[in-house]
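Student: Pasting the sequence and the predicted model now:
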Amino acid sequence: MPSNEILQPEEHVLAAEAPHPKVPLALRCLTWLLLLPLIALATAFFGSISLVAGLWDSSGRQQHYIARTWARVLLRLAFSPVTVEGLEKLQPLRREGNRRPLAVFASNHLSYYDTPVLFAKLPFQFRILAKASLGKLPFIGWYLHRSGQVPIDQSSARAGVASLMRGVKTLESGLPLMLFPEGGRSANGELKSMVAGAAWMAIKAQVPLVPLTLIGTYDLLPIHTYALRPRPLKLIIGDPIPTTGLTTRDAEALTIRLRTIIHDTYIANHG
């Protein structure tokens, strides 16, 4: 039985939000008057198509394709091309008869744009572990429910354990999982502490844990800002960490190793 530390972040003093560089007035006007309305329209449009596809798409394959298309549109609207490094590391994770790399993928979380980058650039269908509260949002919540994503309920330890076990069952069905172990966006661009749920599920399902490092999304759209600052982005796929032979007691140590890899990769690549 996982402890509360695996389900919820430890209590820390809130990190001070970093001052954001002033965005030129022309860029702010472009974002508010054109880009944000187009982003909202694209989300509503593709969300509606996904809902219709969900009437017959029990596998989620078509809905995932629609989500990838939505993500690519959002990246185009942000004028932010994405470079991916390490795609070759996914090939050994593909099991016989399954084209998808079976693993738990864990990423740093810097911006609302993290999710579009992951959907647009990872070339396989996956399920995301998302806060249950997101299920209440129009279109996004409807997509989460209808496409088979895994809600994480942290209202109690029992609910949290049940959420993690749903994630394990998803892995056992042959679908990889994607999540943000920090539990929320960074307030200042720095990596926060991570909860051990990702490591716990990887160990429980005996699948690798794969570190993902996002570069540039914080600078593109920091927390609590509403003006895009276009720039090149990067997604770095790290070496898969095997879990064979580990027990859930090793989840905390594995999480520390995961965080160290993502932190070092971010520092080495962030200009």
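Tutor: Done, it's in.
Student: OK, contacts around the residue most central in space within the chain?
Tutor: The centre of the chain sits closest to L179, judged by Cα atoms, centre = their mean, with a distance of 4.5 Å. Residues in contact with L179, defined by Cβ atoms under 8 Å, 6 or more residues apart in numbering, are V104, F105, A106, S107, I128, L129, G197, A198. Using the backbone N, CA and C atoms, a C-beta is placed for each residue, glycine as well.
Student: which phi and psi does it have?
Tutor: Phi and psi for L179, reported as degrees, to the nearest 10, are phi -160, psi 170.
Student: Look up which residues are beta-bridged to it.
Tutor: Counting by DSSP bridges, L179 is bridged to A106.
Student: what about it, distance to A26?
Tutor: In this view, L179 and A26 are 37 Å apart by Cβ to Cβ, to the nearest Å.
Student: Tell me the helix or strand right after the worst-scoring helix or strand of the chain on mean pLDDT.
Tutor: Every helix and strand of the chain was ranked by mean pLDDT, DSSP states H and E. The lowest is helix 4-7, at a mean of 49. Past helix 4-7, further along toward the C-terminus, the next helix or strand under DSSP states H and E is helix 25-30.
Student: How many residues are close by A103?
Tutor: By other Cβ atoms under 10 Å, the residues close to A103 number 25.
Student: Quick check: pLDDT value at it.
Tutor: On the pLDDT scale, A103 is placed at 98.
Student: Am I right that it is in contact with P92?
Tutor: No: applying Cβ atoms under 8 Å as the test, A103 and P92 come out as separate, 10.1 Å apart.
Student: between the two, what contacts are shared?
Tutor: Residues touching both A103 and P92 (Cβ under 8 Å, 6+ apart) are P240.
Student: Listing request: residues of the stretch 51-200 of the chain with sub-threshold pLDDT.
Tutor: Nowhere does the stretch 51-200 of the chain drop to pLDDT under 70.
Student: need the strands for it, in chain order.
Tutor: 82-85, 104-107, 127-131, 150-152, 177-179 (DSSP state E, counting those that start in this stretch).
Student: Which residues are in contact with V150?
Tutor: Here V150 is in contact with R127, I128, L129, A130, S163, R166, G167, T170, L177 (Cβ under 8 Å, 6+ apart).
Student: Show me the contact partners of stretch 70-79.
Tutor: By Cβ under 8 Å, 6+ apart, stretch 70-79 touches 35, 38-39, 42-43, 46-47, 81-82, 113, 115-120, 220-221, 228, 230, 233.
Student: What average pLDDT does the lengthiest strand in the chain get?
Tutor: In the chain, assigned by DSSP state E, the strand with the most residues is strand 209-215. Strand 209-215 carries an average pLDDT of 98.
Student: picking up where we left off before, just the buried ones among the contacts of stretch 70-79, please.
Tutor: Buried by 16 or more other Cβ atoms under 10 Å: 35, 39, 42-43, 46-47, 82, 113, 115-120, 220-221, 228, 230, 233, out of the contacts of stretch 70-79.
Student: For the chain, just list every one of the helices.
Tutor: 4-7, 25-30, 36-53, 61-77, 114-121, 140-146, 157-172, 197-205, 217-220, 251-269 (DSSP state H).
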